[in-house]
Structure formats: structure tokens, C-alpha cells
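Peer 1: Coordinates for the following, if possible.
(2 chains, ligands or ions: 1)
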Amino acid sequence: MKEILSGNEAIARGAYEAGCRVACAYPGTPSTEILENTINYKEINSSWAPNEKVALEVAIGASFGGGRALCTMKHVGVNVAADPLFTLSYTGVRGGLVLVVADDPEMHSSQNEQDSRNYARFAKVPMLEPSDSQECKEFTRLAFQLSEEYDTPVMVRSCTRISHGKSIVELGERVSDLPEPRLERNPAKLVMLPGNARVRHPLVEQMLVKLSEAGSAMAINRLELRDKSIGIITSGVCYQYVREVMPNASTLKLGLVNPLPQNLIRDFAAQVDSVYVVEELDPFIEIQVKAMGIKVIGKEIISLCGELTPGRLRSAFGLSQATEVQAEKLPGRPPNMCPGCPHRGVFYALKQLKAYVTGDIGCYTLAFMPPLSAMDTCVCMGASIGMATGVTKVVSDQEKKKVVAVIGDSTFLHTGINGLMDMVYNNSPATVIILDNSITAMTGRQDNPASGFTLMDDPAHAINIPLLCQALGVKNIRTVNPLDLEETKRVIAEEMERPETSVVITNKPCVLIKREDVFQKGPLYAVDADRCTGCRACLNIGCPAIEWRPAGDGSRKGKARIDPLLCTGCDVCRQLCKFEAIGSGK
Amino acid sequence: MSGQITNILLVGVGGQGILLASEILSEAAMLAGFDVKKSEIHGMSQRGGSVVSHVRYGKEVFSPIVPEGEGDILFGFELMETCRSLPLIRPGGAVVANDLQISPPAVLMGQESYPEGLLERIKGSFPDFLLVDGQKLASDAGNVRASNTALLGAVSKRLAIAEELWMQALEKMVPTKALEVNKKAFLIGRGL
Ligand SMILES: Cc1ncc(C[n+]2csc(CCOP(=O)(O)OP(=O)(O)O)c2C)c(N)n1
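Peer 2: This next block holds a predicted model:
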């Protein structure tokens, strides 16, 4: 049977067909939908972990127990999961273990564009790279096999264009001849103390040599001879761009990108006049091919930054471009927090209080943009709290009071807790605001350990965040309604003033939560045009439901209007209006 | 340049039903026996940002994104976004656009105004331009929310895919509850 699947759907399907029993992940664009699809297969136990390190550790346990296990994450997730990964290559596996990592060249939804292939080489783990959805499925299946055959975790690298691209996939059956998982002890292999690890390391190096040799004969590494004047080594989505733009060029399409199949590469290079490497981001293949003594052209013509496109590849090779219509100068359309988003009022208060906001990653990072413009730093998930502690260590006592860390519930549980532990332990005077909207909103509303449900939608214990903070030793813990601007501002101001660690927790849910009884719309609001003086105060929260209607006489005058289709009745704009021009419609 | 590949770009604002329209289109193309690829960026776009979805079909499709300047049809759900993506289509390509303006943040805040003369700008570069009132077609069909399928109906007339395959694609991709309205909206659009 044929279906149109996204790369992520196809990876989930591949895991199912491979007999995978456990899938574990922390969400992250563009990888999130893989686990949102493994839940469609009841044979796979799918779950969200609080962070990527835990997700990988759960998969490792499942593998050690004898079951096939899948773990998925976005590229930066590997930074969090790197610790177990680097030693997992030494222990190897019992049940096959596949780690899917989805890169984001061009940073469509990420804070950096690190190239995960380096992790495969660094951690000494084989890596496959599919170039469409059919390969996503096939390579995932193959990765499980290779994992067991070579006794190693196997990484599958996707990217935004593969994970979120769709193409036709021929579906297969689930394998049924795998051994039943059961406990089996093998401490010499699975207890990585120096003595054992010293035995394991050489085996890892041998495995990589063996796989490189076998790779030259694998069908996923495909030598396609066409015009021999130009030979292009490529992999993943780049292969598709090469075929699109230079249909006659000879290609060596690599499905196995670590370890590289060296013999096949030599063979290819010998058959073509000049060799090019076409790859996004780092010169990963290029440097290794150069080290083999083969002359290649790569990053001389292709950028180290951003993703490749057919047009960019054309310019790299000096090929003619389609004639261009002049790009239009138009107002931008950046993403914005939703109407009624409970984050908005907090940042409005922080801006008024002139706080120095160490930020974090989530929907609330959008508060960086005007008109809120209330975020001063953002590095990686969980960093807000540690950064706040660090800033207060160097600035004056007066400035210390200005420092506020802002972090979402999911991010707090991901890696923020450790920062708060340190804050209390080392007595930082900073203030932490936990924006608890009861969901992981940014990546599309995933549940988390404080939301009360699992990935499979079963009810679960919801962590009590105030109690957790209390257990960490925070003495000043306040909960506020972020839709009440005055209360929010007052409480934050009081806690900023306090020369001790304090935590302020907001308590309103995300407006996108579909589950019944969580988010409820209030009565809709409208602007009374007779009372509106056109002072623009309500525009300062940047709500997409509020629109400025110019008077139309060329002056700066005008009035505000609320779009009834977008308003959620959150009441925040009413509180901003000094002229009582905003009220609920009825 | 693109040979027998048909390149379609669906553009607009997050939340307008663009992804569903591009899924239905891809499904119909597969049912018609073509190889199909589709690509778009999700994530941040759900928060009211610009959305561009690429659909390509033909004998064998390589790149999942339409090569710059090679789009055959620009299918716009919002006027400013339609204009923004004009550079993606080839000279002589067609534009089918929804007659709808959605103000971006800077316009909502009164810092910029919604650009004027967009229709003239589109028509100036692309004479093959069809403006459709998707909202009206959809309410004629019984639900404004089906404007995406009404627009798709209007685009469908330009594509070599039989009507019954479109119906099959709708049946597969649209939830049963909304199916009848969407079929009706599609056919009204197709009848333009
Ligand atoms: C290490 C890492 N994993 C995953 C992500 C993707 N990601 C960005 S923000 C976020 C969670 C946001 O949830 P929360 O903190 O609750 O804030 P909200 O979006 O709900 O406001 C995730 C999963 C990331 N950037 N880095």
C-alpha cells in the first residue's frame, strides 16, 4: 500500500515495521511529530521524557532489557543527551537502539544550526541519512538491524526539509521474529568502569572499520554514473537538489555518512574527472575525503551557513538562474503570541519595571519582539536561571534587583530545576518567574510532567511546581494571575526588591489547550468608539486581536478596534484603557 | 526548466487551512498516478506568521521545494502574502489569489499601513491572474471555514487531475463532519 507521509511519519512507521517496542523523546522542532505518530501503533510504548538525556536513558534501558528502542530529538537535544550517548557507543546495545536527530539548517525554528553529523563521528556512532520519506522508513528499519548486527546505537539524521517534507511511501509489515525481552546480566559490557571501558573502546574502533568496509557494498550507498566530467558526493536532501539542478552529473549518494565507505569513495573519485562534495553546513564529508588524499571542491563554492536550495546550488555551480521578479518591499509578518496568551501581561509588567530579563526558550521568547521588547538574553533551554545567578554575581547591589529570570513550565522541568537549586544553594538575590501555562506550547502543545497527562493521553500525576520549589529550598514563592496586570506587576516588583531568591509562578493555561475545562474563553470585548481617544495604550501589549484604525485623514489620529473573531476575553486590554472605552460586548 | 513537473506554491498566514489544502492537492496528484513531494515550514508559523507550502508533482520529483522562480501556479490565501511570493513563480505563471487582507503586527499597531495597489502589482507582472472571494464562496456553501477548499476548487480547474480524484482526496483528508460542506465549497470554486 502507498501513502503520502512526512519524513517524521515515515520514521515512526519504520520503527513500527522494525518491531520497535519503546519510543521516548522530548519534543523539539522539526522532530516532534515522530513520537506523535508512534502513538498510532499500540505495539510501541511511546512517552515524553522531561528532557533528551532522560529520553535517551529510557531508550537505553529498553535496549538493555532486550527490546528495540527509538529515541528522537532535535539537533540541540543531542547536547543535552550527549553524556549517555558518548558512553553508549562503548556499551553497545542488546535490543537495537536508534537515535533520530533532526537538524534545522537555516534555523527555521532553532537557536543555532549545529551539524549533528559531527556528533556521530565524535561519539563514534554510525549514522544514516535519508533523502525522502521512503528512505526515512527504510533507513529507520535498517538502522535497527545494523544496531544489533554491529552492537552499537545507530543515529538517523533528518533535517527540516526531510522531517516536514512529504512524499510517497510504500508500507511494509512489522517484523515478528524478534526475541522476547527479558533480563540478562552482562556487567562486563554494561558497567562502564575504567577497566571495562578499556576493553570496550578498541571494539568500537574495530566496529567502525568493519562498517566502513561493509558500507562500500551497501545498497544505501549508491554510485550513479552519468556524465563523467563531474562527480558529486552528496547525501540526504542535498542529493535531491543535485538531481534537480544537475540531472546529468554523476553522483555518489551516501546513505551511511558515518563511518564513510572509503573504498566506494575512492572508486567513484577514480571514475570521474572532477569531484565535488555537496553538503549543507559543515564540510563533514569534504574534510574526510580530503584526508584520504582526494582532491575535492566543496565549501569553496557552498556556504557553511543556512540550508541549500535548488537556486543556491545553481549559483554555487555558476548555472543560470530563472529570471527574477523584483522582490516586493512589504511589511513583515513575524510570529506573535496568540490573542489571550497568558504570557503577555507578565512581559508588559517586566517592561514597566525596567527588569533585566534573562530569558529562556518557549512561546514567551516572542516577548523579545516589539512592542513588548522585554527579553535581554536567551541562550538555550534552562539557561535563564543560571544566567540570572551569574549576572547578580557581577553587577552592583542596585542593579541586582533588576535581574529576573523567565522560564516556561516545560523548560523549567527540562533543565531549569538545576539552575534553581544552584540559586538557592549559592544564595542568589535574583527573581525567577515560572510561566506555567500547563503545556509545552511552542512545539505544538505537548504534555509534560506538570500537565497531568501522558503522551498517550492517560491521566498522570501533575507535578506541583510551588511545592517543588519549596522542596528546593525557595522561601519566597508567590502565585499570580498573569491576566491581572496590577497584581502581576505588584508581586513581581516586591520580589525583585527582596534580597533573596524568590519564585513567582503564573497560573493561567495556554489558550490553545483543547482539553475540556482547561482554557475557557471569557466574554468578548469591544471598543466603545465614542470613548476611545485614540491614545494607543492598548496597542502596547501587541495583541493580534486589537487593530489600529487610522482616521483616514492623513493625520496620526485613529481608534482601536477589537476583532471579535480573535478576542478570547482575557481582559488585559481593558485594564490598559484609562478611558474605560474597552468593555465586554454585553 | 521543470519539464513535466507541476510546481504549486500555497501561501498565506498561519491558521488559514493552507496545510490541509496542500495535503488534499498532494493526495489528488498521487491518486492521478504522479510522484508527489510537498514541503513547508511549521513550528513558529502557527503563531500567525507567513506560511509557504510547496507542492510538486510529475513523473519523478527530486527537490521537495520548488526551485526559485519556477513556480507554475501561485495559490495565495491572503493578498500581501501572495505579493510577497511573486518572485517564486516563473514568468507567464498563473496566480490564483483569495481576496482577503490580514493585517500583520506592524499594521495592527498603526506603525505601518497595509500596502495599497497589490492587485495592480500582481496583475502587472502576471496577466494570468484570478481573484477569488473565498470567504463568499465558502459561505455560499454553508461555512466560511471552508474557504480553503473553495479556493482549491478554483485552482483545481487549472490542473490535469480528474474531478472524481479530487472528491476521493477530499473524502480521505477532510473529517466526515465537515466533508459535505467542503465538497460543496470545492465544486463552487471549481465552477468559477
Ligand atoms: C534542548 C532543546 N530541546 C528542545 C527544544 C525545543 N523547544 C523549544 S521551547 C520548548 C518548550 C517550551 O515549553 P515551555 O517552556 O512550557 O513554554 P511555552 O512554549 O509553553 O510557553 C521546546 C521543547 C530546544 N530548543 N532545545
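Peer 1: residue contacts, residue 22?
Peer 2: By default, I'm working from chain A. A:44-46, A:58-59, A:62, A:67-70 (Cβ atoms under 8 Å, 6 or more residues apart in numbering or on different chains). For glycine as for every other residue, the C-beta is placed from the backbone atoms N, C-alpha and C.
Peer 1: right idea, wrong chain: chain B
Peer 2: B:10, B:38, B:40, B:53, B:55.
Peer 1: Can you classify A:Ile233 by secondary structure?
Peer 2: Secondary structure for A:Ile233, judged by DSSP: H, G, I helix; E, B strand; the rest coil, is strand.
Peer 1: Okay, and the nearest residue to A:Thr501 once chain neighbours are set aside sits in which element?
Peer 2: In space, and not counting its chain neighbours, A:Thr501 is closest to A:Met423: 4.9 Å by Cβ to Cβ, 6 or more residues apart in numbering or on different chains. Using DSSP states H and E, A:Met423 sits within helix A:417-425.
Peer 1: C-alpha coordinates for whichever helix or strand comes after that helix, CSV please?
Peer 2: The helix or strand immediately downstream of helix A:417-425 is strand A:431-435, counting by DSSP H and E. Only the C-alpha atoms of strand A:431-435 are listed here, as CSV (Å, rounded to 0.1, in the frame of the first residue of the first chain):
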residue,chain,number,x,y,z
THR,A,431,13.8,36.6,40.9
VAL,A,432,12.6,33.7,38.9
ILE,A,433,9.2,33.8,37.0
ILE,A,434,7.8,30.4,36.0
LEU,A,435,5.3,30.9,33.3
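Peer 1: now strand A:431-435: mean pLDDT?
Peer 2: The average pLDDT within strand A:431-435 is 98.
Peer 1: packing partners for the helix or strand just after that strand?
Peer 2: Moving toward the C-terminus from strand A:431-435, the next helix or strand (DSSP H and E) is helix A:465-472. Applying 3 or more Cβ pairs under 8 Å, 6 or more residues apart in numbering or on different chains; DSSP states H and E, one finds that helix A:465-472 makes contact with helix A:417-425, strand A:476-480, strand A:502-506.
Peer 1: from the ones you listed, which stretch is densest packed?
Peer 2: Neighbour counts (mean count of other Cβ atoms under 10 Å in any protein chain shown) averaged over each of the helices and strands packed on helix A:465-472 peak at strand A:502-506, with a mean of 24.
Peer 1: Any chance you could list what contacts that one?
Peer 2: Residues contacting strand A:502-506 (Cβ under 8 Å, 6+ apart): A:342-343, A:346, A:420, A:431-437, A:465-466, A:469, A:474-482, A:488, A:491-492, A:495.
Peer 1: Would you list the buried entries among the residues you listed?
Peer 2: A:342-343, A:346, A:420, A:431-437, A:465-466, A:469, A:474, A:477-478, A:480, A:482, A:488, A:491-492, A:495 (16 or more other Cβ atoms under 10 Å in any protein chain shown).
Peer 1: Return the set of buried residues in the helix or strand hosting A:Leu56.
Peer 2: A:Leu56 is located in helix A:52-64, with elements delineated by DSSP H and E. Across helix A:52-64, burial judged by 16+ other Cβ under 10 Å covers A:52-60, A:62-64.
Peer 1: quick one, helices of the stretch 251-400 of chain A?
Peer 2: Using DSSP state H, counting those that start in this stretch, the helices of the stretch 251-400 of chain A run over A:262-271, A:284-291, A:310-316, A:343-352, A:383-394, A:397-400.
Peer 1: can you tell if the longest one touches the ligand?
Peer 2: No. Applying Cβ under 6 Å from any ligand atom, one finds helix A:383-394 separated from the ligand by no less than 10.0 Å.
Peer 1: How about exporting that helix as PDB, limited to the C-alpha atoms?
Peer 2: C-alpha atoms of helix A:383-394 as PDB (Å, rounded to 0.1, in the frame of the first residue of the first chain):
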ATOM      1  CA  ALA A 383      19.700  28.800  30.900                       C
ATOM      2  CA  SER A 384      17.600  31.700  32.200                       C
ATOM      3  CA  ILE A 385      18.100  30.800  35.800                       C
ATOM      4  CA  GLY A 386      21.800  30.200  35.800                       C
ATOM      5  CA  MET A 387      22.300  33.300  33.800                       C
ATOM      6  CA  ALA A 388      20.400  35.300  36.400                       C
ATOM      7  CA  THR A 389      22.600  34.000  39.100                       C
ATOM      8  CA  GLY A 390      25.700  34.800  37.100                       C
ATOM      9  CA  VAL A 391      24.600  38.400  36.400                       C
ATOM     10  CA  THR A 392      23.900  39.100  40.000                       C
ATOM     11  CA  LYS A 393      27.400  37.900  40.900                       C
ATOM     12  CA  VAL A 394      29.000  40.800  39.000                       C
END
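Peer 1: Kindly spell out which helices and strands sit in contact with it.
Peer 2: Right, helix A:383-394 is packed against strand A:356-358, strand A:403-408, helix A:417-425, strand A:431-435 by 3+ Cβ pairs under 8 Å, 6+ apart.
Peer 1: try 7 Å this time
Peer 2: If contacts are counted by 3 or more Cβ pairs under 7 Å, 6 or more residues apart in numbering or on different chains; DSSP states H and E, helix A:383-394 sits against strand A:356-358, strand A:403-408, helix A:417-425.
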